[in-house]
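Participant: build the 3D model from these lines:
(chains A and B)
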Amino acid sequence: MYQAPRGTADILPVEQPYWRYVERAIEEITRRYGYRRIDTPVFEETGLFRRSAGDYTDIVQKEMYTFEDRGGVSLTLKPEGTPAVCRAYLEHGMHNLPPPVKLYYISPIFRYDRPQAGRYRQHHQFGAEAIGSADPALDAEVIDMAWQFYRLLGLSGLTLELNSIGCKTCRPGYLAALKDYYCAHVARLCADCKARFEKNPLRLLDCKEPSCQEIADNAPRGLEHLCPDCSAHFAALQKYLAVLGIPATLNHRLVRGLDYYTRTVFEFQPSFEGRQSTIGGGGRYDDLIVELGGRPTPACGFATGIERIIINLKRQGLELPPPPAPAVFIAFIGEAAKEAAVRLAGELRREGIPAALGFGERSLKGRMREADASGARYAVIIGDEELAGGTVTLRDMRSATQEKVPAAALIPRLRRDIPA
RNA sequence: GUGGGUGUAGCCGAGGGGACUAAGGCGUCAGGUUGUGGCCCUGAAGAUCGAGGGUUCGAAUCCCUCCACCCACCCCA
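Facilitator: Below is the predicted model of the structure:
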């Protein structure tokens, strides 16, 4: 028997109400903040992601689904949404639109990870990108939108962690200070950190290894090495967040897994368990558009995992109403009546009335059991009697009462009795 | 990628070397007389006990290898 590939999942009918619930919230929140939807292909040229995320990130080094098509082009299944949106922004000359250009997406995301609770090889993200402004008020607005989005969903107990990792002016100085400090401690670092020391020193701060943490605790802090501009930007952002009533916790060790971030970075953590269960995050990426061949264009965005949102909604005990039942179940008795039943089902549906028709051979009793199981409010019974009299038996399943009504009167009658 | 746990019908789940021709519940299907549901009663279908190999007279039960899921690390959403 075939199974869904490892780390992927079917989203079964019982799960769909949660997805629809989240999608509706996305629609509502993006409407409020003025974002317009964009959909990009599931795969892009591999270079786009390598360029964007950075060659030494885990995503690029070991998590991409990369393949060559028959024309020899290297393609990669989208491992994150931002580069694809930026590519589309550039490709379609959106820099000619009044900035900031605000775009959102709901997209499958692919990463070759070892699956675990809330971690899949294919998952789905809602992301938003605001391209074309360096104003810290935009950072605040992006964070506010994410925050209000979770609130709208009814997710409680989230915490927002915030940090600034500087820009290309101040980061080199900080990295140098960091390396200076770490030089003396290299011998005591874990194997991963030894590699990070060489390739991606910022990540040193993020190591969970107790011995490394101890070292990281005393490492020079990025916030103290920000250049005046970045420092002012970060101060302004915090001011605006305060104005918006968004409680942010400073985490000087917060570094994101993508190299393109500048200045603002943030993550949302659920209160439940494990810090490694980030539900969403984002930041500013002022150099990415240039990196991809555009003019200097500051930008800011965030993304959140839909599966993780749903996990948390369930943990909170969110109950969603069951899917709607048909209004009418049509039960026929005999072949002649079946033809009338097929016709009636078609008519009801064309009138906008959800109707279910029984299939196959069954006793009337079995048919009524089927009608009951369908959850239909009404059953319409058609047999020889009804056929002969040009009527139809309309049974109210709830009150268990029924009456014969003229066939022609059925639709008006249902129209009247079925609440829209 | 590392370490640990789990794997019995569509779902939940008992059984941990011979009494298993694998319990029970949910669900499905049929019947409980003649054209009628929900409760109830009866019956049926549905499982090569995750897959493959091994030990044994005998394996769902023990061992090995895979696969999948779960948990932690890692990483992130």
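
Participant: which stretches of the stretch 151-300 of chain A form strands?
Facilitator: Using DSSP state E, counting those that start in this stretch, the strands of the stretch 151-300 of chain A run over residues A:159-164, A:248-250, A:262-269, A:280-284, A:299-305.

Participant: can you list those strands in TSV and add mean neighbour count and distance to RNA strand B?
Facilitator: For the C-beta atoms, the positions are set from N, CA and C on the backbone; glycine is no exception. Formatted as TSV, the strands of the stretch 151-300 of chain A follow (neighbours: other C-beta atoms under 10 Å; distance: least, C-beta to the nearest atom of the strand, whole Å):
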stretch	mean neighbour count	distance to RNA strand B
strand A:159-164	22	11
strand A:248-250	14	15
strand A:262-269	24	7
strand A:280-284	26	4
strand A:299-305	25	3
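
Participant: want to try TSV for those strands, with distance to residue A:78 and mean pLDDT as columns?
Facilitator: Listed next are the strands of the stretch 151-300 of chain A as TSV, based on distance: least, C-beta to C-beta, whole Å; pLDDT from 0 to 100:
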stretch	distance to residue A:78	mean pLDDT
strand A:159-164	25	93
strand A:248-250	29	92
strand A:262-269	21	94
strand A:280-284	16	95
strand A:299-305	11	96
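
Participant: reformat these as JSON lines; add distance to residue A:351.
Facilitator: Listed next are these as JSON lines, based on distance: least, C-beta to C-beta, whole Å:
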{"stretch": "strand A:159-164", "distance to residue A:351": "50"}
{"stretch": "strand A:248-250", "distance to residue A:351": "54"}
{"stretch": "strand A:262-269", "distance to residue A:351": "47"}
{"stretch": "strand A:280-284", "distance to residue A:351": "44"}
{"stretch": "strand A:299-305", "distance to residue A:351": "41"}
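
Participant: for residue A:6, find the nearest of those.
Facilitator: Residue A:6 lies closest to strand A:299-305 among the strands of the stretch 151-300 of chain A, at 18.3 Å (C-beta to C-beta).

Participant: how about residues contacting the closest one?
Facilitator: A:80-82, A:85-86, A:100, A:118, A:123-133, A:138-139, A:142-143, A:145-146, A:149, A:264, A:266, A:268, A:279-286, A:288-289 (C-beta atoms under 8 Å, 6 or more residues apart in numbering).

Participant: picking up where we left off before, among the strands of the stretch 151-300 of chain A, which is nearest residue A:199?
Facilitator: strand A:262-269 (18.8 Å).

Participant: for the closest one, packing partners?
Facilitator: Here strand A:262-269 touches helix A:136-153, strand A:159-164, helix A:228-244, strand A:280-284, strand A:299-305, going by 3 or more C-beta pairs under 8 Å, 6 or more residues apart in numbering; DSSP states H and E.

Participant: against residue A:375, how distant is the residue nearest to residue A:82 when sequence neighbours are not counted?
Facilitator: Distance criterion C-beta to C-beta, 6 or more residues apart in numbering; nearest residue to residue A:82, sequence neighbours excluded, is residue A:301 at 5.8 Å. Per C-beta to C-beta, to the nearest Å, residue A:301 is found 43 Å from residue A:375.

Participant: most proximal residue of chain A with respect to RNA strand B?
Facilitator: The minimum distance from chain A to RNA strand B, using C-beta to the nearest atom of the strand, falls at residue A:257 (1.6 Å).

Participant: what's the burial count for the nearest residue to that residue once chain neighbours are set aside?
Facilitator: Of all residues not flanking residue A:257 in the chain, residue A:57 sits nearest, at 5.7 Å (C-beta to C-beta, 6+ apart). By the criterion of other C-beta atoms under 10 Å, residue A:57 has 23 neighbours.

Participant: and for residue A:279?
Facilitator: Neighbour number of residue A:279 under other C-beta under 10 Å is 22.

Participant: isn't it up against residue A:158?
Facilitator: Yes. Here residue A:279 reaches residue A:158: they are 7.0 Å apart, a contact under C-beta atoms under 8 Å.

Participant: now for the two: what residues contact both?
Facilitator: By C-beta under 8 Å, 6+ apart, the residues touching both residue A:279 and residue A:158 are A:150, A:268-270.

Participant: looking at those residues, spot the one nearest residue A:381.
Facilitator: Once C-beta to C-beta is applied, the member of the shared contacts of residue A:279 and residue A:158 that ends up nearest residue A:381 is residue A:150, at 49.5 Å.

Participant: check contacts around that closest one.
Facilitator: Residue A:150 sits in contact with A:158, A:268, A:279-280, A:309, where contact means C-beta under 8 Å, 6+ apart.

Participant: in the stretch 251-400 of chain A, where is pLDDT below threshold?
Facilitator: Residues of the stretch 251-400 of chain A meeting the criterion pLDDT under 70: A:272-276.

Participant: do a quick rundown of the helices in the stretch 1-150 of chain A.
Facilitator: A:16-33, A:46-53, A:58-62, A:82-91, A:136-153 (DSSP state H, counting those that start in this stretch).

Participant: other residues contacting stretch A:371-389?
Facilitator: A:325-334, A:336-337, A:340-341, A:344, A:356, A:358, A:364, A:368, A:391-398, A:402, A:404, A:407, A:410, A:414, A:417-418.

Participant: and RNA strand B, which of those reach it?
Facilitator: A:333, A:364, A:368, A:393, A:395, A:397-398, A:402 (C-beta under 7 Å from any atom of the strand).

Participant: those residues: which two are farthest apart?
Facilitator: A:333 and A:398 (22.5 Å).

Participant: more crowded one of these two?
Facilitator: Using other C-beta under 10 Å, the more surrounded residue of residue A:333 and residue A:398 is residue A:333, with 19 against 8.

Participant: which residues touch that one?
Facilitator: A:364, A:367, A:381-384.

Participant: in stretch A:389-402, what's buried?
Facilitator: A:391-395, A:397 (16 or more other C-beta atoms under 10 Å).
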